[in-house]
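Novice: sequence and predicted model, in that order:
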Amino acid sequence: MMPLHFGRRERLLFGIYEPAVGRRQGRGVVLCNPWGTESVRAHRSLKQLADRLARKGLDVLRFDYYGTGDSFGDGTSVRLSGWIEDAESAVEELMGVAGVRTVSAVGLRLGAGVAAKVAAARPDVVDRVVLWEPVTAGPEYLDELLDGVGQVGDEPVEVSGFPLPRDFVEDLKNLDLRGTPGRRCRALLARAAPPSAAELERIDASDVAVVAVDSPSCWVEEADYGAGAVPVDMLAAIVEWLA
Amino acid sequence: MKERPVLFGRNRNLVGVITEPTDRSVVGPAVLILNAGIIHRVGPNRLYVHTARSLAGAGYRVLRFDLSGIGDSARAAEEGTLKDIVPRDIEDAVDLVTQDDPEGGVVLMGLCSGADNSFYVAAGDPRVRGLVLIDPTIPRTRGFHRRRTLRRLGSLRSWWNVLSGRSLALRVRDRASGGVRLPPDYFGLLVAEPEQAAAWVRELTVRGVQFLYVITGGASDYCNSAAQVREAFDGFADNLRVEWKPDANHTMSREAHQVWLRQTLASWLSDVRARVAGQDLT
């Protein structure tokens, strides 16, 4: 395991590189976090996913978007466009540090949209995408976030201690994943419940596989531990598809 | 302010981030921030990240890291219970964060179990010069029960519960369920018996260790007054400061409370720094 900083000097990001263990496959995986408290709660599950993928011979990079987690910046500067740029940096960093030429992107919740956008932007490198409980409808997600918080007015809004900047709110309202991840990419839709036909149709990929594994929502707090339960069966299914 | 990720510890299994002033001439004490429960080193709502950066801006070197088996740190290589592993990890972290200025010592800081772990190891490490304890375990005292009873007597809801029989029903249900008493370290908490804790307070006070307690509304189930800290531990002298924040939640999620915490820490640490400058490590 190697914790590191990468990215542009004025936009330094924190990541953890997990080198492949045993026989290397020569492929990499970048993990894209969800937003806010979901990211904190899912951290242990994403770490376990990285460990499992590395043991299958894949080089893995987990990272925090600018203004989140251990990366530089504060939460008031987050933009979805910035996250996509950060994920592209992560892909470049993984290619450099691990010497891989193809990379898969795994995104959880809002991170799924980031993974899909990166695949669309870098079809030369990103050949597989895992959309793990993706947020596909920005306005609905926003309603979910703001439930109990109130509407966004002139004052900055906080959701569980994370600032929700107005620009980010606009990004969510206008979230559009049409044309992603792209026809040169394979996609896996990983859900606890089987997806609808309409949901599958919206994914624009060379082929779309589905795993529906009844499993805990790792981004939701378990009891009052401050973290989510690890969905072991779901992790196993994702690893099997990627490896 | 600059930051660097570190992989350290006797087994190189501990992951942390050092945040420090750009100016290398920083003097102690350093600050070590311990995990809140099983939340990784960024802390709830990035509380630890913002705190570390703010303190580095005020001239302190800060290390926030993950204990073995939490966050990104791998499990400890050696067998052992939390009583073996947690003090060992913290010792390694103190070694790292004080290596450029051992005389400056260290202030341990944590929320919830991070506070309990800080207190648990302090007596065993002479480098500890201060403790910042946010919602630590505080024994329920006679004063706690007295204040709670008085509040209930003045509460319409309490009277309604008694008169309607709801209070009795809840007690019966509680007794019938049997309840499960978990060992103190079940949730990663290292909590000493009250007598042992009181003895450590006396010992640390003699050593000149400074205490900053921050008690939020999240602790109201077991602490209902700032006075309860002195009620629970009678060994404090002028080395205790208690900040009572009943309007803040346990993770201090509101930005205003985080700003308040950073300002409070800066002023308290400046006092600790002045004392450290005038003392030898004992």
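Specialist: Yes, it's here. If you're wondering where the values come from, they're calculated on a predicted model, not measured in any experiment.
Novice: buried stuff in the longest strand along chain A?
Specialist: Across chain A, the longest stretch assigned as strand under DSSP state E is strand A:181-191. When neighbours are counted by 16 or more other Cβ atoms under 10 Å in any protein chain shown, the buried residues of strand A:181-191 are found to be A:181, A:182, A:185, A:186, A:187, A:188, A:189, A:190, A:191. C-beta coordinates here come from the backbone N, C-alpha and C atoms, glycine included.
Novice: of those residues, which is the nearest to residue B:195?
Specialist: Using Cβ to Cβ, residue A:190 is the member of the buried residues of strand A:181-191 that lies nearest residue B:195, at 52.2 Å.
Novice: need the nearest residue in space to that closest one, chain neighbours excluded.
Specialist: Spatially, and ignoring its direct neighbours in sequence, residue A:190 is nearest to residue A:132 (4.5 Å; Cβ to Cβ, 6 or more residues apart in numbering or on different chains).
Novice: need phi/psi at that neighbour.
Specialist: phi -100, psi 110 (degrees, to the nearest 10).
Novice: and what of the one 4 residues further on?
Specialist: Per-residue torsions, residue A:136: phi -110, psi -20 (degrees, to the nearest 10).
Novice: so it versus residue A:216, what's the distance?
Specialist: Distance check for residue A:136 against residue A:216: by Cβ to Cβ, to the nearest Å, it reads 21 Å.
Novice: count the residues that sit near the nearest residue to residue B:225 once chain neighbours are set aside.
Specialist: Nearest residue to residue B:225 in three dimensions, chain neighbours excluded: residue B:147, at 5.8 Å (Cβ to Cβ, 6+ apart). As a burial measure, residue B:147 scores 15 neighbours (other Cβ atoms under 10 Å in any protein chain shown).
Novice: tally up the residues packed near the residue in chain A that chain B sits nearest to, please.
Specialist: Relative to chain B, the nearest point of chain A is residue A:161 (2.7 Å; Cβ to the nearest Cβ). By the criterion of other Cβ under 10 Å, residue A:161 has 22 neighbours.
Novice: pretty sure residue A:64 contacts residue A:16?
Specialist: No. Counting by Cβ atoms under 8 Å, residue A:64 does not reach residue A:16; the two are 9.4 Å apart.
Novice: which bits of chain A sit near chain B?
Specialist: By Cβ under 8 Å from any Cβ of the partner chain, the part of chain A that sits against chain B consists of A:1-5, A:14, A:16, A:37, A:40, A:43-44, A:47, A:68-70, A:72, A:74-75, A:156, A:158, A:160-163, A:225-227.
Novice: which among those residues end up buried?
Specialist: With burial judged by 16+ other Cβ under 10 Å, the buried subset of the residues of chain A next to chain B is A:1, A:3, A:5, A:14, A:16, A:37, A:40, A:43-44, A:47, A:68-70, A:72, A:75, A:158, A:160-163, A:226-227.
Novice: the helix or strand bottoming out on mean pLDDT in chain A: how far from the chain's middle?
Specialist: Least confident element among the helices and strands of chain A, by mean pLDDT, DSSP states H and E: strand A:157-159 (a mean of 87). Distance of strand A:157-159 from its chain centroid, counting by Cα atoms, centre = their mean, to the nearest Å, is 21 Å.
Novice: tell me where the stretch 151-282 of chain B is predicted with low confidence.
Specialist: B:178-189, B:279-282 (pLDDT under 70).
Novice: what about 80?
Specialist: Where the stretch 151-282 of chain B drops to pLDDT under 80, the residues are B:158, B:170-171, B:174-189, B:278-282.
Novice: in it, what residue comes closest to chain A?
Specialist: residue B:253 (3.1 Å).
Novice: if I pick that residue, what's in contact with it?
Specialist: Counting by Cβ atoms under 8 Å, 6 or more residues apart in numbering or on different chains, residue B:253 touches A:158, A:160, A:161, B:44, B:45.
Novice: any idea which element it lies in?
Specialist: Using DSSP states H and E, residue B:253 sits within no helix or strand.
Novice: roughly how far does the nearest residue to it once chain neighbours are set aside sit from residue B:243?
Specialist: Nearest residue to residue B:253 in three dimensions, chain neighbours excluded: residue A:161, at 3.1 Å (Cβ to Cβ, 6+ apart). The gap separating residue A:161 from residue B:243 is 19 Å, by Cβ to Cβ.
Novice: avg pLDDT for stretch A:114-125?
Specialist: Per-residue pLDDT values over stretch A:114-125 give a mean of 97.
Novice: list the buried residues in it.
Specialist: Buried, per 16+ other Cβ under 10 Å, within stretch A:114-125: A:114, A:115, A:116, A:117, A:118, A:119, A:120, A:121, A:122, A:125.
Novice: in what helix or strand does residue B:196 lie?
Specialist: helix B:194-207.
Novice: got a list of contacts for that helix?
Specialist: With contact meaning Cβ under 8 Å, 6+ apart, helix B:194-207 is reached by B:119, B:122-123, B:126, B:128, B:131, B:139, B:191-192, B:211, B:232-237, B:239, B:282.
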